[in-house]
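Undergrad: this one's structure only:
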């Protein structure tokens with residue numbers, strides 16, 4: 001299991017709203033955002049776009065606790081719940097933060113990372129990666145950045161399941177029999193070999209049939 005660390009981000013209270021105000025904010029190098037969770041009302045914020053982009057390039061957004069400092073106040077622990085991006089430009093449009101409490105457990109999707117080269121793949125098998133995330137329940141300071149699953153011992157026909165994951169003390173909510181990955185036989189290559197054999201048989205039959213035809217005078 002890979003451990004996680006909190007990071008800090010600054011924001012300012014945003015008093016304007018609407019699409020026009022949001023576009024103007026983005027043109028000035030800032031990003032509209034909201035934070036909700038512990039307080040009665042959703043708060044509108046403005047962030048420095050460059051600061052957030054740099055942060056996102058360094059951490060896994062869904063699992064990293066962010067100490068959000070609003071208007072220079074006491075940092076508040078939050079998680080990113082949603083990031084809106086431009087459909088075809090590399091541009092952030094909006095971000096939603098969810099405020100959490102240090103003493104209350106939360107549910108978070110944790111990425112799974114496969115490591116090692118399966119023995120079965122070296123024998124011609126194919127590795128299938130079936131479950132890329134697992135949902136866990138834990139305290140905010142226990143959120144892992146990811147689960148590493150070693151596949152090096154897998155032979156053809158072998159699988160790894162949720163029960164094989166080192167959870168490091170956090171609770172994985174997925175069924176322990178769920179398959180994470182498996183090494184399957186090279187079915188495609190076998191099918192191609194069968195097709196080639198059938199093709200050779202057809203060609204042989206056609207040649208044999210042609211040799212049996214009477215010669216014309």
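TA: Sure, I can see it. Not measured: the values here are computed from a predicted model. Residues are numbered from 1 along each chain as shown.
Undergrad: may I have the beta-bridge partners of the closest residue to residue 11 other than its chain neighbours?
TA: If you skip the residues right next to it in sequence, residue 11 has residue 45 as its closest partner in space, 4.3 Å away by C-beta to C-beta, 6 or more residues apart in numbering. C-beta coordinates here come from the backbone N, C-alpha and C atoms, glycine included. For residue 45, the beta-bridge assignment (DSSP bridges) gives partners residue 13, residue 33.
Undergrad: over to residue 52. Which of the three states is it?
TA: Assigned with DSSP: H, G, I helix; E, B strand; the rest coil, residue 52 falls in the helix class.
Undergrad: residue 38 versus that one, what's the distance?
TA: Going from residue 52 to residue 38 by C-beta to C-beta, to the nearest Å gives 21 Å.
Undergrad: just want to know which of these two has more residues nearby.
TA: Taking other C-beta atoms under 10 Å, residue 52 and residue 38 do not tie; residue 52 has more neighbours (22 against 13).
Undergrad: test my guess that that one contacts residue 94.
TA: No - with contacts defined as C-beta atoms under 8 Å, residue 52 does not count as touching residue 94, sitting 10.9 Å away.
Undergrad: mind listing the strands for the protein?
TA: 7-13, 30-36, 43-48, 66-70, 76-85, 92-99, 106-115, 126-129, 133-138, 147-150, 159-161, 171-172, 179-184 (DSSP state E).
Undergrad: residues in contact with the fourth one?
TA: With contacts defined as C-beta atoms under 8 Å, 6 or more residues apart in numbering, strand 66-70 is touched by 6-13, 35, 43, 45, 55, 75-80, 97, 99.
Undergrad: now swap in the shortest one and tell me
TA: Strand 171-172 has contacts (C-beta under 8 Å, 6+ apart) with 134, 135, 136, 137, 138, 162, 165.
Undergrad: tally of neighbours for the first one?
TA: Other residues near residue 134 come to 22 when the count uses other C-beta under 10 Å.
Undergrad: could I get the pLDDT score of it?
TA: The predicted structure scores residue 134 at 97 on the pLDDT scale.
Undergrad: and for residue 23?
TA: 89.
Undergrad: hmm, back to that, any idea how far the residue nearest to residue 11 is from residue 93?
TA: 14 Å.
Undergrad: give me the more crowded residue out of these two.
TA: Shown here are residue 45 and residue 93; by other C-beta under 10 Å, residue 45 has more neighbours (21 against 15).
Undergrad: that one and residue 12: what is the separation?
TA: Relative to residue 12, residue 45 is positioned 7 Å away (criterion: C-beta to C-beta).
Undergrad: same check on residue 112?
TA: 37 Å.
Undergrad: what's the answer for residue 53, then?
TA: Taken as C-beta to C-beta, the spacing of residue 53 relative to residue 12 amounts to 17 Å.
Undergrad: any shared contact partners between residue 52 and residue 94?
TA: residue 31.
Undergrad: and residue 16, how many residues sit next to it?
TA: Other residues within reach of residue 16 by the criterion other C-beta under 10 Å amount to 12.
Undergrad: show the model's pLDDT score for it.
TA: The predicted structure scores residue 16 at 81 on the pLDDT scale.
Undergrad: then residue 189?
TA: The predicted structure lists residue 189 with a pLDDT of 48.
Undergrad: now residue 160
TA: As predicted, residue 160 sits at a pLDDT of 97.
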